[in-house]
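Peer 1: Provided below for reference: sequence and predicted model.
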Amino acid sequence: MQEIIEQAFEQGVELRRHCAVDMASPLQDAARLMIDCLRRNGKILVCGNGGSAADAQHFAGELVNRFEIDRPGLASIALTSDASVITSIANDSAYEEVFSRQVEALGCKGDVLLAISTSGNSANVIRAAETALGKGMQVIALTGKDGGKLASLKGVNTLLNIQHASTPRIQEMHITCLHILCSLIDHALYGDAS
């Protein structure tokens, strides 16, 4: 048990050091897209499966409610939250359409889609990104491993890829990246006010 614990922490620390350098520029790019969108009264749509669905809801919750400062709510929707919508689309059409159909209905030109997939190969997340790009939305891909098909999708504006083999370590860095984005957004829009 001790070895497993130490290994998990050591891998996490090493990955964070690596990401502190490699992710600084793409995180700034992603934050700028989101900040510009919100300044224009646009919205941020977020999607992902499993743990990434939880991350999508977490991120949207931080924007709509608050992160570290008291400020007005920011327009963000987790496309993972409405069980009736998701199950009706999956039942009547296909599971690959559960996010793209919502992007079609809710997304507007200039909005941002944050597409989360640890493998980069989630068919429904890729389909959502394709739909968003077709509507003139900005797409930020938050991926892992080699980035998968999502990373190579033509038109993706910003790629945040955690290059690591372990899904748990990737997910740990995803939530760190999402928290950093929240901080950057809060600071740019509202400064250090509390």
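Peer 2: Nice, I can see it. Residues are numbered from 1 along each chain as shown.

Peer 1: which stretches of this structure form strands?
Peer 2: For the chain, strands defined by DSSP state E occupy the ranges 44-47, 76-78, 112-117, 138-144, 158-162.

Peer 1: which other residues reach the last one?
Peer 2: Yep, that's strand 158-162 we're talking about. 15, 19, 23, 26-27, 29-30, 33, 120, 138-144, 146-147, 151, 169-170, 173-174, 177 (Cβ atoms under 8 Å, 6 or more residues apart in numbering). Just so you know, the C-beta spots here come from the backbone N, C-alpha and C atoms, and that holds for glycine as well.

Peer 1: Tell me how many other residues crowd the closest residue to G51 other than its chain neighbours.
Peer 2: Nearest residue to G51 in three dimensions, chain neighbours excluded: Q171, at 5.1 Å (Cβ to Cβ, 6 or more residues apart in numbering). Residues contacting Q171 under the criterion other Cβ atoms under 10 Å number 19.

Peer 1: Which stretch among the strands of the chain is buried most, on average?
Peer 2: strand 112-117 (a mean of 30; mean count of other Cβ atoms under 10 Å).

Peer 1: and it with strand 138-144, angle?
Peer 2: Calculated by axes from the mean of the first three to the mean of the last three Cα atoms, to 10 degrees, strand 112-117 forms an angle of 20 degrees with strand 138-144.
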